[in-house]
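S.K.: fold the following for me, if possible:
(chains A and B)
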Amino acid sequence: MRKHIPAIAGTLAVLFLFAFPFAYRGADYDYLMHLWITALFYAILASSWSLLAGYAGQFSFGHMAFMALGAYATGLFSNYVYLASAPTNICSEFKLGGIYLVFLDPLGVTTAKQTCLDIAKSTWSREVILTQPSIFWGILLGIVLGGVFGFLIGRLVLRLRAAYLALFTIGFSEILRATISAEIPFTRGQAGLEVPPLFRDGITVFGSTFSATDKVPPYFVMLFLFLLCMAIMVWLERSRFGLFMRSLREDEEAAAALGVNTVRYKIMVFVITSTMAAAAGAVQAHYIGIISPNILILLQMSLVIAMAVIGGLESVVGAAVGAVIISFTLEFLRTSFVIGSVTIDMSIWRLVIFGLLLMLTLRFWRNGLIHPILLWFSRAGVKQQTMAKRTAAVADTASGDTEEPA
Amino acid sequence: MIRLEVHNICKNFGGRQVLNGVSFNVEGPERIGLIGPNGAGKTTLTNILDGVIKPTTGRVHLNGKRIDPLPPFEVAQAGFGRTFQVSRAFRRMTVLENLYVPALAMTPTAHRRDLRKRAMEVLEFLTMEHLRNEYARALSGGQLKLLELGRLLMLDPAIMVLDEPFAGVHPKLMDIILQYIYKVNDDGKAIIIISHDMDTIFSLSKRLLVLNYGDLIADGDPEVVRRDPTVIEAYLGRDDEAECPDGLDG
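M.R.: Numbers count the residues shown, from 1 in each chain, chains lettered A, B, ... in the order given. Here you go, the predicted structure:
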């Protein structure tokens, strides 16, 4: 029975996540929904990072860079790409069958600037149809781009381990951040790039209509993405892939000597996890509505690492649960309080508490706080089984030794 | 039919010549001992056979296929297996999981039930059945050696190199390792055993290779090799070297 408790708890948690938007009716509904969307976003990042670092032993600091790639790919796509039934003749454009794929000129930091499309519109007749491609294509582009860069980085870091791998991926992340910051005409730099909501015109599901700013649609998109990522990762974890990943983490040379194609699996894990990070980034960008290079500062990466470490580096479920708990705790710890005449500003102290928790976890519970609990359930009876078998083996030997010769 | 051809292997590390034109063949299920003083190049030779290190010059063929340019996983899949001098079991994986890795690498479509059955047979043979769900980190040094041998059984190579299988092993476990070697050899696999345990290696091997500072100085019947003056010199030194220089006694 004990072995089944994690599965039962997981099912109940999923049911709770599905029911929450309909069951909860508090005054802080929007706030809590926002917290859940953010928590699920971090849960995808922390669990996919735990697959990369905890499972495969690839201690990468570039995970947020893949997330940002997804976010900026869809952000730029939804800002710059249009479909027109007639040529603009002044924008960059490609003819695709009967329609034109139009790329706008760099936006710059001012929104008052007239784009090439505005100029073209003034010359068009009323029959010309101008639309923006579905946001789905932008998200897909982000996911593909994340995977492609995951492949490239995976290939480049094949021979790098430990600190060298960490430094390399920090370098990649910083280069991307600097590029986004520098390319102001395209990305608007620190001013931030506005990204349209997931459902620009709202959405109607089962007779219920939700506006573009409603929290329920992005909540369910993020929840489905989270569940999809978790399902893939848990499946991988339990498959041949997971076994090889762990052998790679334990001893790459020994794994190769036993026939494991370490190069292939190393690249695969980079591609899979960076794709997931990019998908999370793309959806989150549409939910938040504005993205800036600050999304890939090292502090953000540290937060994801800390979530995975506290939850349990060697368990994608542990890391996801850790991310949810830390997300909520950090938010609830914002509330300042007064002791006598002293006001405790929790907006700062919460980070101190978080840092202390991280230090204590690393010192005393290196497998995190959630993972050992999961192990306690999943490995129920192993010790007793070993002892019983050993006792039986010893008893067998003893009885064999004392047998009288015929 | 197993045929390993090691032809004129040389290896330099920087300016240091570690292997100097080593050549030998293994034909059929031979039981070969590979000995030599520390620094003779035994492990380097194993690493070259395994594909971890590429030779500076020379070639290695296994059953007609050239394996020296291949990456280690392809060498393993071609039928070459090895253990390591210091145990390299996957310590944060269970004993069963350790055994599944090579089996799944060799036969990706293997059914989990068949795999488990095979692994249990291996564990039973190694008297480690009761430890199947324990993490490898919980095993003793000797048990880790057995686990590595178990992994080789799951890999099922045509030829295997066992690097110091008896080092630091309790006599009871040593018996199991000896049984393992005889059984695997009887099953038609070629085995090369590297060891500093001279009594065991002489009694166990049907053929002995002796490396000394990168040179293969002897290759033949253990009793003949035992009396070979070059080997005696390599192990015991020359008579004139053993003497103390005059005047040191004061």
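S.K.: doesn't residue B:52 make contact with residue B:72?
M.R.: Yes - with contact defined as CB atoms under 8 Å, residue B:72 reaches residue B:52; the gap is 5.5 Å. C-beta here means a position set from N, CA and C on the backbone, and glycine is covered the same way.
S.K.: the more surrounded of these two?
M.R.: A side-by-side neighbour count of residue B:72 and residue B:52, using other CB atoms under 10 Å in any protein chain shown, places residue B:72 first with 26 against 16.
S.K.: low pLDDT regions in chain A?
M.R.: Filtered on pLDDT under 70, chain A yields the residue ranges A:109-114, A:393-394, A:396-406.
S.K.: for the residue most central in space within chain A, give me phi and psi.
M.R.: For chain A, the residue nearest the mean C-alpha position is residue A:45 (2.5 Å; CA atoms, centre = their mean). Main-chain torsions, residue A:45, degrees, to the nearest 10: phi -70, psi -50.
S.K.: what about it, distance to chain B?
M.R.: With distances taken as CB to the nearest CB, to the nearest Å, residue A:45 is found 24 Å from chain B.
S.K.: next: residue A:265.
M.R.: 10 Å.
S.K.: report how many residues lie close to that residue.
M.R.: Close neighbours of residue A:265, defined as other CB under 10 Å, add up to 21.
S.K.: that one touches residue A:252, doesn't it?
M.R.: No - taking contacts as CB under 8 Å, residue A:265 lies outside contact range of residue A:252: 9.9 Å.
S.K.: on that earlier part again, name the residues contacting each of residue B:72 and residue B:52.
M.R.: Here residue B:72 and residue B:52 share the contacting residues A:253, A:256-257, scored by CB atoms under 8 Å, 6 or more residues apart in numbering or on different chains.
S.K.: dump those residues into CSV; add secondary structure, distance to chain B and neighbour count as well.
M.R.: Formatted as CSV, the shared contacts of residue B:72 and residue B:52 follow (DSSP: H, G, I helix; E, B strand; the rest coil; distance: CB to the nearest CB, whole Å; neighbours: other CB atoms under 10 Å in any protein chain shown):
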residue, secondary structure, distance to chain B, neighbour count
A:253, helix, 6, 14
A:256, helix, 4, 24
A:257, helix, 5, 28
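S.K.: between those, which sits nearest residue A:277?
M.R.: The closest of the shared contacts of residue B:72 and residue B:52 to residue A:277 turns out to be residue A:256 (CB to CB; 27.3 Å).
S.K.: which residues touch the closest one?
M.R.: Counted by CB under 8 Å, 6+ apart, residue A:256 has contacts A:262, B:51-52, B:71-73, B:76.
S.K.: what does stretch A:212-231 rub up against?
M.R.: For stretch A:212-231, the external contacting residues (CB under 8 Å, 6+ apart) are A:14, A:17-18, A:21, A:29-30, A:33-34, A:36-37, A:40-41, A:43-44, A:47-48, A:197-203, A:205, A:210, A:276, A:279-280, A:283-284, A:286-287, A:316-317, A:320.
S.K.: show me which residues of chain B are close to chain A?
M.R.: Within reach of chain A by CB under 8 Å from any CB of the partner chain, chain B has these residues: B:50-52, B:71-73, B:76-77, B:81-82, B:84, B:88-93, B:97, B:100-102, B:104-106, B:108, B:127, B:129-131, B:133-134, B:151, B:155.
S.K.: in PyMOL, select just the buried ones from the residues you listed.
M.R.: Those of those that count as buried under 16 or more other CB atoms under 10 Å in any protein chain shown are selected in PyMOL with:
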select buried, chain B and resi 50+51+52+72+73+76+77+81+82+84+88+89+90+93+97+100+101+102+104+105+106+127+129+130+131+133+134+151+155
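S.K.: other SSEs contacting the host helix or strand of residue A:264?
M.R.: Using DSSP states H and E, residue A:264 maps to helix A:262-288. With contacts taken as 3 or more CB pairs under 8 Å, 6 or more residues apart in numbering or on different chains; DSSP states H and E, helix A:262-288 sits against helix A:29-49, helix A:63-80, helix A:135-156, helix A:216-238, helix A:240-250, helix A:252-257.
S.K.: next SSE downstream of that helix?
M.R.: Next in sequence after helix A:262-288, counting helices and strands by DSSP H and E, comes strand A:290-291.
S.K.: wait, what's in contact with residue A:343?
M.R.: Counting by CB under 8 Å, 6+ apart, residue A:343 touches A:336-337.
S.K.: mind checking the SS state of it?
M.R.: strand (DSSP: H, G, I helix; E, B strand; the rest coil).
S.K.: what's opposite it in the beta bridge?
M.R.: Beta-bridge pairing of residue A:343 under DSSP bridges involves residue A:338.
S.K.: try residue B:80
M.R.: Bridge pairing for residue B:80 - DSSP bridges - gives residue B:159.
S.K.: count of neighbours near it?
M.R.: Neighbour count of residue B:80, defined by other CB under 10 Å: 28.
S.K.: tell me the contacts of it?
M.R.: If you count contacts by CB under 8 Å, 6+ apart, residue B:80 has them with B:4, B:49-50, B:62, B:67, B:157-161.
S.K.: report the buried members of these.
M.R.: Judged by 16+ other CB under 10 Å, buried ones among the contacts of residue B:80: B:4, B:49-50, B:62, B:67, B:157-161.
S.K.: how about the residues you listed in a markdown table, adding pLDDT?
M.R.: Listed next are these as a markdown table, based on pLDDT from 0 to 100:
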| residue | pLDDT |
| --- | --- |
| B:4 | 93 |
| B:49 | 94 |
| B:50 | 93 |
| B:62 | 94 |
| B:67 | 94 |
| B:157 | 93 |
| B:158 | 93 |
| B:159 | 95 |
| B:160 | 94 |
| B:161 | 94 |
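S.K.: inside strands: which ones of those?
M.R.: B:4, B:62, B:159-161 (DSSP state E).
S.K.: quick one: residue B:53 and residue B:47 touch, right?
M.R.: Yes - with contact defined as CB under 8 Å, residue B:53 reaches residue B:47; the gap is 4.3 Å.
S.K.: for the two, indicate the residue with more neighbours.
M.R.: Remark: of residue B:53 and residue B:47, residue B:47 carries more neighbours, 22 against 19, as counted by other CB under 10 Å.
S.K.: what's the burial count for residue B:31?
M.R.: For residue B:31, the neighbour count with other CB under 10 Å is 18.
S.K.: for stretch B:112-126, buried residues please.
M.R.: Of the residues in stretch B:112-126, B:115-116, B:118-119, B:122-123, B:125-126 count as buried by neighbour count, 16+ other CB under 10 Å.
S.K.: and if you look at stretch A:198-215?
M.R.: Per 16+ other CB under 10 Å, stretch A:198-215 contains these buried residues: A:198-199, A:203, A:210, A:214-215.
S.K.: can you list the low-confidence ranges for chain B?
M.R.: Counting by pLDDT under 70, chain B has low-confidence residues at B:236-250.
S.K.: can you pull out the helices in it?
M.R.: With DSSP state H, the ranges of helices along chain B come out as B:42-50, B:72-78, B:95-106, B:112-125, B:141-155, B:171-186, B:198-204, B:222-226, B:229-236, B:239-242.
S.K.: any chance of these in CSV, plus distance to residue B:28?
M.R.: Output for the helices of chain B, formatted as CSV (distance: least, CB to CB, whole Å):
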stretch, distance to residue B:28
helix B:42-50, 17
helix B:72-78, 17
helix B:95-106, 22
helix B:112-125, 23
helix B:141-155, 19
helix B:171-186, 10
helix B:198-204, 17
helix B:222-226, 18
helix B:229-236, 25
helix B:239-242, 40
